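Trainee: Dropping the sequence and predicted coords here.
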Amino acid sequence: MIIKERKFDMELSYLLQLSIRAKLSYDDNEEIDTRIKGINGERSFDAIVKQNLKYGLILNNLRFLVNKQYFQIDALIIMNGQIFIFEIKNMYCDVCYKDNLFYFLNGTPIDKLNEQRIRTPKLFKILLTQNHIGLPFNYYTTFVNPDYKVYGYQVHDNILEYHDIYRIITENSKITIDKYDEHIAKKLIDLQYTDEKFNFRKRINIEELGMGVVCQCHVAKYEKVSNRKFKCPACKKEVNCNDYLQKAIEDIHLIYPMERLNVNLVKKWTENHISSEKIRTYLNTHHKIFKNGPLTFYR
């Protein structure tokens, strides 16, 4: 049972929006590429879990703050009276494991992965202790790309390759969950760190951005196919005027969270595809109107 769905995080959505609307630096494009590989890896893991989990509670993309230290968990499953944490890695190369450290085959240590493998379990243990959560937990570094191998590890190293994942899930999801498991799942969700970080946004003038409304697939902008219909050329999803306007407003809030909504801004953002009257009616219906002298804006 999925208790917390996996979603695009706000920072990645922001970067993908910018990649469609503006010319990004090499580093930004590299970051997007890495994050997309990560999401594809998580989806691959989710597919295995969906096929093989019998009894368990799934919590995805958890974020916590412990002793002023932020950390996140790709996938957590409560099953067999225990907590299983899966740190998902979608590597596009072979790696080796020696003396408790991961290395590329050329001998270079994989620093971020090695640090994460120590840091996350340590902080999660503190979280459990501070909140009197009595379930034992297991932490697995999980490699989901079946085309590449991990060399040198032993069973007790808690490293999973693609073909190991279904076995761990199947063997540990035979026992039904109980009320305490459900209580712990809810408690972990309540303990999440939810404050939004504004510092990932870049200083970009609106005049530097391409206008239009980006589809939820984050690949392309919607195109107008009739007076009442808009269609994404990438995923073929169709939306009506109201859904199109709502997505436009979500885009504006994502890129410029402090910007005041007004008819002219929304009209510009939607590339004049929708009349001022229609936009004003939508804003009056779904948002609260404010007046500051001659200025009218919405929240």
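Mentor: Looks like it came in fine. Residues are numbered from 1 along each chain as shown.

Trainee: wait, what's in contact with residue 212?
Mentor: 21, 221, 222, 269, 270, 271 (Cβ atoms under 8 Å, 6 or more residues apart in numbering). All C-beta spots, glycine's among them, are computed from the backbone N, C-alpha and C.

Trainee: switch the cut-off to 6 Å
Mentor: Contacts for residue 212 (Cβ atoms under 6 Å, 6 or more residues apart in numbering) come out as 221, 271.

Trainee: Pairing partners for the helix or strand of the chain with the lowest mean pLDDT, with directions?
Mentor: Here the helix or strand of the chain ranked lowest by mean pLDDT, DSSP states H and E is strand 2-4, holding a mean of 78. Sheet pairing for strand 2-4, assigned by DSSP bridges, gives strand 57-66 (parallel).

Trainee: in the partner strand, what's buried?
Mentor: 57, 58, 59, 60, 61, 62, 64, 66 (16 or more other Cβ atoms under 10 Å).

Trainee: How much space separates the nearest residue in space to the second one that is not next to it in sequence from residue 65?
Mentor: So that's residue 58. For residue 58, ignoring the flanking residues on the chain, the nearest one in space by Cβ to Cβ, 6 or more residues apart in numbering is residue 2 at 4.6 Å. Here residue 2 is placed at a distance of 24 Å from residue 65 (Cβ to Cβ, to the nearest Å).

Trainee: so how far is the helix or strand hosting residue 243 off the chain centroid?
Mentor: Using DSSP states H and E, residue 243 maps to helix 241-255. How far helix 241-255 lies from its chain's middle: 19 Å, per Cα atoms, centre = their mean, to the nearest Å.

Trainee: elements contacting it?
Mentor: Packing partners of helix 241-255 (3 or more Cβ pairs under 6 Å, 6 or more residues apart in numbering; DSSP states H and E): helix 263-269.

Trainee: 10 Å instead?
Mentor: helix 10-21, strand 229-231, strand 238-240, helix 263-269, helix 276-286 (3 or more Cβ pairs under 10 Å, 6 or more residues apart in numbering; DSSP states H and E).

Trainee: worst average pLDDT in these?
Mentor: Sorting the helices and strands packed on helix 241-255 by mean pLDDT places helix 10-21 lowest, at a mean of 87.

Trainee: relative to helix 10-21, how tilted is whatever helix or strand comes next after that helix?
Mentor: Counting by DSSP H and E, the element after helix 10-21 in chain order, helix or strand, is helix 26-52. If you take axes from the mean of the first three to the mean of the last three Cα atoms, to 10 degrees, helix 26-52 sits at 120 degrees to helix 10-21.

Trainee: model confidence over helix 26-52, on average?
Mentor: Mean per-residue pLDDT for helix 26-52: 90.

Trainee: where does the stretch 51-200 of the chain have low pLDDT?
Mentor: Scanning the stretch 51-200 of the chain for pLDDT under 70 picks out 196-199.

Trainee: where do the strands sit along it?
Mentor: For the stretch 51-200 of the chain, the strands defined by DSSP state E, counting those that start in this stretch cover 57-66, 69-79, 82-89, 95-98, 101-104, 137-143, 150-151, 159-160.

Trainee: Between strand 82-89 and the second one, find me the angle.
Mentor: This points to strand 69-79. Counting by the same axes, to 10 degrees, strand 69-79 points 120 degrees away from the direction of strand 82-89.
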